[in-house]
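# sharing a sequence plus its predicted fold:
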Amino acid sequence: MIKVLDQHTIDKIAAGEVIERPSSIVKELVENSIDSGATRITVEVTDGGTSMIRVTDNGSGIEADDVRKAYMSHATSKLDNVDDLMNIVSLGFRGEALSTIAAISQVEMITKTRDSMTGIKYEIHGGKEIEFKEIGAPDGTTIISRNIFYNTPARLKFLKSNVTEASYINDLMTHIALSNPDISIKLISNNKTIIDTQGDGRLRETIYSLYGKDITRGLLDVDYKDENVRITGFIGKPFLSKGNRSFENYFVNKRYVKSAVVNRAIEEAYKTHIMQHKFPYTALFIELPTYMVDVNVHPAKREFRFDDEQGLFRAVFHAVKDALIDKEMIPDAVPFKENDSSNETEKPQTGVSQLLSSVKKNTEDSSNTQNDNTIRENIVSDNTSSKSDNANFFEEKSNTFSSAKDRVDISSNKNGGASFSILESLLPQEYRDKLNNLNNNNTSKPLPKSSYQQEEMSETRYLSEEAKGHHKIIGQVFKTYWITEYDGTMYLMDQHAAHEKVNYETFLEEFKNRKIHSQNLFPPEMISLTNKEKVAVLENVDYLKQYGFEIEDFGANDIKLSAMPANLIGLDGREVFNELVAYLSDGVENVTEDIFVRKLATMGCKAAIKGNQEITEYEVRDLIEKLMRLKDPYTCPHGRPTLVKFTQADLDKMFKRIVD
């Protein structure tokens, strides 16, 4: 017998699709806040969101007459008819979020529109209305969801630990903050502020708030446009890489999504810049025509479909590749260290930070007379520091000062400065006067709660034309590395990596300009392939023939290879062809001519001089000069550095002439 399910059961089933875990609730509520026009959103969670989730915004609010309707299944203010699905610009649109959240948790909402005198408090538990009344409230909406999955214990037991669930929320809010630099985003977990962005529209400042100075220092601008695609944002220099894709952030029409096509394009563009099995940092914003995008293919809207995937691949690839070309990227002797706690930023303790530390220590141990001198020294040093240092004096929006008897909150005022009336009362008058002087010196313009000044990477010009002939060749060590000196800096060059890059760029240019000749193989090579490999070969047979391979289907899964590009002669023809076939059959979709050519050029690098091979000083100078002529000489085709630099300061630190 066929039964029609009641609405309560339908809502619970829908919740299973939309609400996977606490982070799903946060996602739906925050996206609604963004769609409401909010400029400030605060998310508070307890126990990884399992006990409580509170989302507060200053958006447009919900009219009193619409509050109950908002919790009905498929109720939405963002669509009128099916045609609107082809031009979606809002983040939430299904009309399932509030009804499904209310079906599996205890929900309380307080909302007020700007034109209303009072707000509405609405409480609904497990889909059943508990309370509906008028109350005084600020403009905007606050939604509290408690005891997630309390009425669906089977779902509850599949949640992970509170720490893991909190990490999912942290990742989610990081992506939301990245995609909305014009909105102030705050995440508080178990009463600890994890994320706090300014919302001033500056993406670089947002990245600094989320990832810290090491990431921000290594950013490269991206700005690309073609007929259908616009791509902006930042990518990281090659040293900003990790062993997984957690650093690859990209947004389609401001929506964080995952796409195999975009992943592949980013990684192909970085292929000769970072090591295999490493993945780069990106914060890319991809703008596509809404009528060409379908974001309704996944219940949680994490995937999308695009009409022209090959065009999207091509655009992302060139956007990233163009940003990497012609940049000075010789790595320092001390490499960047991965920091898994990417949201913990290491900021220098200056200005107020030092002052607070000193005063805190002074009040906790009043018997320590040295603290008085510490405060004096900190204020004096700040008073004589540069304006950029003083700008950091009032950098924190919310610092907390603790003493043995009391706890004082230091909060920012509207102009970005800080209100220290309570803190100042703890200082002697002479220190207060100096603090006021510092404050007066920094009132010429509003100051953000935190600010990162981009440190310019020094141009060593080691591989510039003006450096030609001025490199001091010191010698070769381990028959692999050459030591040179130029302009007060010492450089180590890996002869194999450098020659590989020269060969790669040379072959790449020859293939692109069709300077290719086929060289017959005697006798021809008979190569047996798997069915998958043979299909990949036949799908790309035009490219193979165009670039000097002569192949013939020899029945079953066999291929006859009669000729190969003359550029690659000297290499084992069978090995070269098998490597190329393995690449083509390794899940590569929509192989473009550009990608095919780059793969061929990479294979040609096998003819480079090897490590543990002695070469002359003349050959080294010739190699350096050839590197100078390359667009991107700093990494070999496999992502290893060709050069590493040591300043005198680096060496002085190693030998303890300078102590940090």
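Everything's here; your move.

# what ranges does the stretch 451-600 of the chain have for its strands?
Using DSSP state E, counting those that start in this stretch, the strands of the stretch 451-600 of the chain run over residues 472-477, 481-486, 489-494, 518-528, 550-553, 558-565.

# counting by contacts, list what the last one packs against.
When contacts are defined as 3 or more CB pairs under 8 Å, 6 or more residues apart in numbering; DSSP states H and E, strand 558-565 sits against strand 518-528, strand 550-553, helix 573-584. (Each C-beta comes from the backbone N, C-alpha and C, glycine too.)

# buried residues in the last one?
Right, helix 573-584. G573, V576, F577, N578, E579, L580, V581, Y583, L584 (16 or more other CB atoms under 10 Å).

# for the closest residue to G218 other than its chain neighbours, grab the count of nearby residues.
Excluding the flanking residues, the one nearest G218 by CB to CB, 6 or more residues apart in numbering is K237, at 4.2 Å. As a burial measure, K237 scores 24 neighbours (other CB atoms under 10 Å).

# for K237, phi and psi?
Here is the backbone geometry of K237 (degrees, to the nearest 10): phi -60, psi 160.

# that one is in contact with L220, isn't it?
Yes. Counting by CB atoms under 8 Å, L220 is a contact partner of K237 at 6.3 Å.

# so what does the host helix or strand of A265 touch, helix or strand wise?
Using DSSP states H and E, the element containing A265 is helix 260-269. Applying 3+ CB pairs under 8 Å, 6+ apart, one finds that helix 260-269 makes contact with strand 248-252, strand 279-280, strand 282-287, helix 309-324.

# average pLDDT for the second one?
When you say that, I think you mean strand 279-280. The average of the pLDDT scores along strand 279-280 is 91.

# pull up the pairing partners for it, direction included.
Strand pairing for strand 279-280, determined by DSSP bridges: strand 241-242 (antiparallel).

# contacts for the partner strand next, please.
Contact with strand 241-242 is made by F247, I274, M275, K278, F279, P280, Y281, E338, as judged by CB atoms under 8 Å, 6 or more residues apart in numbering.

# low-confidence bits of the stretch 251-400 of the chain, can you list those?
Counting by pLDDT under 70, the stretch 251-400 of the chain has low-confidence residues at 295-304, 327-329, 331-400.

# could you redo the last one with a cut-off of 50?
Filtered on pLDDT under 50, the stretch 251-400 of the chain yields the residue ranges 336-400.

# check the stretch 401-550 of the chain too.
Applying pLDDT under 50 to the stretch 401-550 of the chain flags the ranges 401-426, 442-460.

# just the helices in it please.
Applying DSSP state H, counting those that start in this stretch to the stretch 401-550 of the chain gives helices spanning 421-424, 429-440, 495-512, 531-539, 541-546.

# which neighbouring elements make contact with the last one?
Spelled out, that is helix 541-546. Helices and strands touching helix 541-546, by 3+ CB pairs under 8 Å, 6+ apart, are strand 550-553.

# partner strands of the strand it packs on, with direction?
Partners of strand 550-553 in its sheet, by DSSP bridges: strand 558-565 (antiparallel).

# okay, buried residues for the strand it pairs with please.
Of all the residues in strand 558-565, those buried under the rule 16+ other CB under 10 Å are I559, L561, S562, A563, M564, P565.

# which parts of stretch 487-495 are buried?
Going by 16+ other CB under 10 Å, stretch 487-495 has these buried residues: T489, M490, Y491, L492, M493, D494, Q495.

# what about that stretch, distance to the chain center?
Relative to its parent chain, stretch 487-495 has a centroid offset of 31 Å by CA atoms, centre = their mean, to the nearest Å.

# I'd like the helices and strands packed on strand 558-565 written out as JSON lines, with distance to V107 added.
Converted to JSON lines, those look like this (distance: least, CB to CB, whole Å):
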{"stretch": "strand 518-528", "distance to V107": "63"}
{"stretch": "strand 550-553", "distance to V107": "64"}
{"stretch": "helix 573-584", "distance to V107": "52"}
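
# so which of those gets nearest K133?
Smallest distance to K133 across the helices and strands packed on strand 558-565 (CB to CB): 66.0 Å, for helix 573-584.

# any idea how far the closest one is from the chain center?
34 Å.

# ok, for M628, nearest residue in space, not its chain neighbours?
Nearest to M628 is L463, by CB to CB, 6+ apart, at 4.8 Å.

# that neighbour and L627 touch, don't they?
Yes. If you go by CB under 8 Å, L463 and L627 touch, sitting 5.5 Å apart.

# which residues are in contact with both of these two?
Counting by CB under 8 Å, 6+ apart, the contacts common to L463 and L627 are P633.

# just the strands in the stretch 151-300 of the chain please.
Going by DSSP E, counting those that start in this stretch, the stretch 151-300 of the chain shows strands at 184-189, 192-196, 219-225, 230-236, 241-242, 248-252, 255-256, 279-280, 282-287, 293-294.

# that older thread, out of the strands of the stretch 451-600 of the chain, the one nearest S184 is which?
So among the strands of the stretch 451-600 of the chain, strand 489-494 is nearest, using CB to CB, at 42.4 Å.

# by how many degrees do the closest one and helix 495-512 diverge?
Strand 489-494 runs at 70 degrees relative to helix 495-512, counting by axes from the mean of the first three to the mean of the last three CA atoms, to 10 degrees.

# partners of strand 489-494 in the sheet?
If you go by DSSP bridges, strand 489-494 pairs up with strand 481-486 (antiparallel), strand 643-647 (antiparallel).

# next one: the last one to chain centre, how far?
Using CA atoms, centre = their mean, the distance from the centre of strand 643-647 to the centre of the chain it belongs to is 27 Å.

# do stretch 493-504 as well
30 Å.

# so for that stretch, what gets flagged as buried?
For stretch 493-504, by 16+ other CB under 10 Å, it's M493, D494, Q495, H496, A497, A498, H499, E500, K501, V502, N503, Y504.

# and if you look at stretch 42-54?
Buried residues in stretch 42-54, defined by neighbour count with 16+ other CB under 10 Å: T42, V43, E44, V45, T46, D47, G48, G49, T50, M52, I53, R54.

# again with stretch 310-327
311-321, 323-324.

# could you export that stretch as PDB, CA atoms only?
The C-alpha coordinates for stretch 310-327 follow below in PDB (Å, rounded to 0.1, in the frame of the first residue of the first chain):
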ATOM      1  CA  GLN A 310      36.900  23.500 -21.500                       C
ATOM      2  CA  GLY A 311      36.600  27.300 -21.700                       C
ATOM      3  CA  LEU A 312      36.500  27.500 -17.900                       C
ATOM      4  CA  PHE A 313      39.600  25.300 -17.700                       C
ATOM      5  CA  ARG A 314      41.400  27.400 -20.200                       C
ATOM      6  CA  ALA A 315      40.500  30.700 -18.400                       C
ATOM      7  CA  VAL A 316      41.600  29.400 -14.900                       C
ATOM      8  CA  PHE A 317      44.800  27.900 -16.300                       C
ATOM      9  CA  HIS A 318      45.900  31.100 -18.000                       C
ATOM     10  CA  ALA A 319      44.800  33.400 -15.100                       C
ATOM     11  CA  VAL A 320      47.100  31.500 -12.800                       C
ATOM     12  CA  LYS A 321      49.900  31.000 -15.200                       C
ATOM     13  CA  ASP A 322      50.000  34.700 -16.200                       C
ATOM     14  CA  ALA A 323      50.200  35.600 -12.500                       C
ATOM     15  CA  LEU A 324      53.300  33.400 -12.000                       C
ATOM     16  CA  ILE A 325      55.300  34.500 -15.000                       C
ATOM     17  CA  ASP A 326      58.000  37.200 -14.800                       C
ATOM     18  CA  LYS A 327      58.100  37.300 -11.000                       C
END
